[in-house]
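Asker: Next one to model:
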Amino acid sequence: MRILIVEDEESLAIRIQKILQSEKYTADIALDGDEGLEQALVEPYDLVILDVMLPGVSGFDILKALRDEGITVPVLMLTAKTRVEDKVTGLDLGADDYLTKPFAVPELLARVRSLLRRMSDARSTVINVSNLQIDTATRQVKKEGKDINLTSKEFAILEFLLYNQNHVVSRMSIAEHIWGDNLDLFTMTNFVDVHIKNLRKKIGDDRELIKTIRGVGYMLKDDQ
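Answerer: Numbers count the residues shown, from 1 in each chain. Model prediction:
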């Protein structure tokens with residue numbers, strides 16, 4: 001998988017590059033908006049990690065240019081801003097996800113895996129794992145042919161775990177992905193654990209598809 005990092009803070013760009021390379025991804029760097037736009041338009045990438053504030057062309061302008069050209073490469077926006085308006089702007093322009101700086105390495109990798117997995121599964125929206133059938137387009141879940149009714153939060157958690165299958169996902173990572181700006185650090189752990197408990201009950205998790213990694217978080221793992 002080939003990833004483009006568009007980030008003007010060179011030390012951060014190199015750090016992200018090394019993190020991705022340690023996970024066996026190929027990662028290129030662009031240190032300003034003009035270079036980033038040129039590379040993203042010309043070179044084939046599987047994912048673009050795009051900072052919002054860039055010298056020259058902004059991250060928002062790069063994103064708009066890509067979508068105007070019909071380039072559907074997944075885009076993960078990096079931003080130091082916490083205003084909801086900035087995140088909404090990015091998502092409205094066609095960003096697939098966003099990550100607020102500073103961020104933890106596991107969180108970055110979880111988002112990268114999620115977007116790359118989503119891209120690879122895009123041609124077929126139906127994913128089978130263990131005895132579950134999950135349609136990411138219709139948001140329907142079936143177990144051995146029978147419908148399972150999940151809340152929007154329960155489905156979002158299941159989908160996030162699915163896209164990070166066989167990797168441990170921290171409670172913080174789940175909470176930030178699902179609740180975003182509405183995240184309350186004091187109640188986050190309890191919220192995640194309660195939703196996981198309800199999700200397990202609904203899918204009849206007798207095979208322990210969703211495993212608890214004590215002190216860390218959860219992992220969706222199909223041992224079959």
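Asker: all contacts plus neighbour counts: C-alpha atoms, from now on.
Answerer: Fine.
Asker: in which helix or strand would I find the residue nearest the centre of the chain?
Answerer: The centroid of the chain falls nearest to residue 111 when counting by Cα atoms, centre = their mean (3.0 Å). For residue 111, the host element (DSSP states H and E) is helix 105-120.
Asker: And the next helix or strand past that helix?
Answerer: Counting by DSSP H and E, what follows helix 105-120 is strand 126-129.
Asker: Name every strand pairing with that next one and say which way it goes.
Answerer: Strand 126-129 has these partner strands in its sheet, going by DSSP bridges: strand 132-135 (antiparallel).
Asker: what's the next secondary structure element after the strand it pairs with?
Answerer: Proceeding N to C from strand 132-135, the next assigned helix or strand is strand 140-143, under DSSP H and E.
Asker: which of the residues in the helix or strand following that following strand are buried?
Answerer: Sequence-wise, the next helix or strand downstream of strand 140-143 (DSSP H and E) is strand 146-148. Buried residues in strand 146-148, counting neighbours by 16 or more other Cα atoms under 10 Å, are found at residue 148.
Asker: What are the contacting residues of strand 146-148?
Answerer: For strand 146-148, contacts defined as Cα atoms under 8 Å, 6 or more residues apart in numbering pick out 140, 141, 142, 202, 203.
Asker: so which of those residues is the most crowded?
Answerer: Using other Cα atoms under 10 Å as the neighbour test, these are led by residue 141, with 23 neighbours.
Asker: separation between that one and residue 155?
Answerer: Look at residue 141 and residue 155: by Cα to Cα, to the nearest Å, they are 8 Å apart.
Asker: which residues do the two both contact?
Answerer: Common contact partners of residue 141 and residue 155 (Cα under 8 Å, 6+ apart): none.
Asker: re earlier: ok, now which ones touch the residue nearest to the centre of the chain?
Answerer: 76, 97 are the contacts of residue 111 under Cα under 8 Å, 6+ apart.
Asker: partners of residue 30 in the sheet?
Answerer: Assessed by DSSP bridges, residue 30 has beta-bridge partners residue 6.
Asker: Pull the contacting residues for it.
Answerer: Residue 30 makes contact with 4, 5, 6, 7, 8, 36, 39, according to Cα under 8 Å, 6+ apart.
Asker: Okay, domains of this structure per the record?
Answerer: 2-119, 125-220 (automatic domain parsing).
Asker: weakest of the ones you listed by average pLDDT?
Answerer: The weakest mean pLDDT among these belongs to domain 125-220, with a mean of 84.
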